[in-house]
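# after the sequence you'll find the predicted model.
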Amino acid sequence: MKLVVQVKLLPTPEQASALEATLRACNAAATYASQIAFAKDVKDRNGLQKEVYTDLKATFGLSAQPVVRAVKKVVDAYAALKAGLQAGRLGPPASKRYRKAVGSPVEFRPEAAQPFDDRCLSWQYDARTVSIWTVAGRMKGIRFACSPDRLKTLATHRKGESDLVRRGGKWFLIATCDIPDPQVYEPVDWIGVDRGIVNLATTSDGANYQGRGLSRYRGWQARKRAELQQKQTRSATRRLVRRARKEKRHATHVNHRISKEIVSVAQRTGRGIAVEELGGIRERVRLRRDQRGTLSSWPFHQLGQHLAYKARKAGVPFLEVDARHTSQRCPRCGHTERANRPGRDHFRCRRCGLAGPADVVAGVNVRDRARSAWVFVTAPAPSP
């Protein structure tokens, strides 16, 4: 499996100036190459490199390998744009975004991330420094900071390119690590996880991770955003961007903590993890206006992603099961009816009288469906 490891660079003022000049030169070169690719309709790597290689070296002061990286970034950008258009992610042809994407070349921000391969960037793990090519020459001894676990992962499993990123005035290197998948064990049972808005996650064991604190935090952030938006100043715009990033980091931290605890329990008890398959939920439900913001900021998809990759990393079996009627079905007698759930928090079967917290009942139904689904997952393929 592939993991992304981010480390923080600690450059001196001279090193930071060189890194900033390098980012700007590489992105200016990529924008120029993108204009040539758009004008001449050359979107393959070899063809575009023949068209712009000499100009990029002479005009922007790049050496051979950064030129190659800039060309590859342009080709990848057009490939991603084409895939997005084919998948319909950029909207119908009549939309303004669609016309802009189709009718003009791709442009790169002056401080957009720039990839570096091992010819342009080398790591010194023991000294916690990197050596990187810049337009001012090779910069050696740029210190970086990370945790011991991340350092061990980098030293053991790092492969491929690393991206140089400037975010909020700080410098980062983002490296890709290829970690071998551990052997997935045969589960003795399953932990069903029901995801929601009021309760972010509720397991079939009865563990409840409430979203009340996160909802209050997001409501407070929304009120602060409204105040800043009314000012309509440059300073307010910058503060809005910082506040949005802080809110996103907070929600991500909450999801990391919840998923880590659930995977730890599953690994310790030898069980697997099952969640509801919630793809396309925004298209399946109709919401009141006051509910739209809550659902749009609901981090259930990210929580599912964290559970999936942490389970895979730990060798814990992971399944997604059908989400239909998990909160309306009685796990004891199987009776399914909307009236079984008279309120958001309560479940009471109209046939057998089973009662309990609605989210826990949904988690039990998810667990029961995982038991049945695992039989088909592990069944041998029929011989022809």
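On my side now, so go ahead.
# and the closest residue in space to residue 368 that isn't next to it in sequence, how close does it get to residue 247?
Computed as CB to CB, 6 or more residues apart in numbering, the closest residue to residue 368 that is not its neighbour in sequence is residue 331, at 6.0 Å. Bear in mind the C-beta positions are built from the backbone N, C-alpha and C, glycine included. From residue 331 across to residue 247, the span is 37 Å (CB to CB, to the nearest Å).
# and the one residue sitting closest to the centre of the chain, its phi and psi?
By CA atoms, centre = their mean, the chain has its centre lying nearest to residue 302, at 7.0 Å. Listed backbone geometry of residue 302 is phi -60, psi -40, with angles given as degrees, to the nearest 10.
# from residue 256, how far off is it?
Relative to residue 256, residue 302 is positioned 9 Å away (CB to CB).
# can you name the next helix or strand after the lengthiest helix in the chain?
With secondary structure taken from DSSP state H, the chain has its longest helix at helix 234-269. Next in sequence after helix 234-269, counting helices and strands by DSSP states H and E, comes strand 272-276.
# average model confidence for that following strand?
Per-residue pLDDT over strand 272-276 has a mean of 95.
# if we look at it, which residues are touching it?
The set of residues external to strand 272-276 that reach it, using CB atoms under 8 Å, 6 or more residues apart in numbering, is 187, 189-195, 262-263, 266, 304, 307, 311, 316-323, 326, 362, 366-367, 369-370, 373-374.
# run the last query once more with 7 Å
Residues from elsewhere that reach strand 272-276 (CB atoms under 7 Å, 6 or more residues apart in numbering): 187, 190-195, 262-263, 266, 304, 307, 311, 316-321, 323, 326, 366-367, 370.
# what do you get for stretch 198-205?
Outside stretch 198-205, the residues within contact range by CB under 7 Å, 6+ apart are 191-195, 208-211, 214, 258, 262, 303, 344, 359-360, 363-364, 366-367.
# repeat that for stretch 307-316.
Outside stretch 307-316, the residues that touch it by CB under 7 Å, 6+ apart are 1, 181-185, 193, 259-260, 262-263, 266-267, 272-273, 275, 318.
# go again using 8 Å as the cut-off
Applying CB under 8 Å, 6+ apart, the contact partners of stretch 307-316 are 1, 3, 179, 181-185, 187, 193, 259-260, 262-263, 266-267, 271-273, 275, 317-318.
# now do the phi/psi pair for residue 85.
In this entry, residue 85 is assigned phi and psi values of phi -70, psi -40 (degrees, to the nearest 10).
# tell me the pLDDT of it.
Looking at residue 85, its pLDDT stands at 75.
# do residue 93 as well
For residue 93, the model assigns a pLDDT of 50.
# low-scoring stretches of the stretch 251-384 of the chain, by residue?
Within the stretch 251-384 of the chain, the set of residues satisfying pLDDT under 70 comprises 280-298, 377-384.
# please repeat the previous calculation with a cut-off of 90.
Flagging of the stretch 251-384 of the chain using pLDDT under 90 yields the residue ranges 251, 277-302, 323-325, 327, 342-345, 373-384.
# equivalent analysis for the stretch 101-250 of the chain, please.
Judged by pLDDT under 90, the stretch 101-250 of the chain has its weakly predicted residues at 101-106, 160, 167-169, 180-181, 195-200, 210-232, 234, 236-250.
# that older thread, the residue nearest to the centre of the chain: what's it in contact with?
Residues in contact with residue 302, defined by CB under 8 Å, 6+ apart, are 251, 252, 255.
# so the first one is in contact with residue 213, correct?
Okay, so that is residue 251. No - using CB atoms under 8 Å as the test, residue 251 is too far from residue 213 to be in contact (11.1 Å).
# next helix or strand past the one helix or strand residue 320 maps to?
Taking DSSP H and E as the definition, one finds residue 320 inside strand 318-321. Sequence-wise, the next helix or strand downstream of strand 318-321 (DSSP H and E) is strand 346-348.
# just the C-alphas of stretch 130-138, formatted as PDB.
Below are the C-alpha coordinates for stretch 130-138, written out as PDB (Å, rounded to 0.1, in the frame of the first residue of the first chain):
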ATOM      1  CA  VAL A 130      17.900  17.100   2.500                       C
ATOM      2  CA  SER A 131      19.900  18.300  -0.400                       C
ATOM      3  CA  ILE A 132      17.900  19.800  -3.200                       C
ATOM      4  CA  TRP A 133      18.500  21.500  -6.600                       C
ATOM      5  CA  THR A 134      17.500  25.100  -6.900                       C
ATOM      6  CA  VAL A 135      17.900  27.800  -9.500                       C
ATOM      7  CA  ALA A 136      20.700  29.200  -7.200                       C
ATOM      8  CA  GLY A 137      22.600  25.900  -7.200                       C
ATOM      9  CA  ARG A 138      22.500  22.800  -5.100                       C
END
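# could you pull out the buried residues of it?
For stretch 130-138, burial by neighbour count (16 or more other CB atoms under 10 Å) applies to 130, 132, 133, 134, 135.
# excluding residues flanking it in the chain, which one is nearest the second one?
This means residue 132. In space, not counting the residues next to it along the chain, residue 132 is nearest to residue 121; the distance is 4.9 Å by CB to CB, 6+ apart.
# OK, contacts around that neighbour?
Contact analysis of residue 121 by CB under 8 Å, 6+ apart lists 130, 131, 132, 133, 162, 164, 173.
# does the first one belong to a helix, a strand or coil?
State at residue 130, reduced to three classes by DSSP: H, G, I helix; E, B strand; the rest coil: strand.
# check which helix or strand the residue nearest to it when sequence neighbours are not counted maps to.
Spatially, and ignoring its direct neighbours in sequence, residue 130 is nearest to residue 142 (5.1 Å; CB to CB, 6+ apart). Applying DSSP H and E as the criterion places residue 142 in strand 137-145.
# list the buried residues for stretch 254-265?
Buried residues in stretch 254-265, defined by neighbour count with 16+ other CB under 10 Å: 254, 255, 258, 259, 262, 263, 265.
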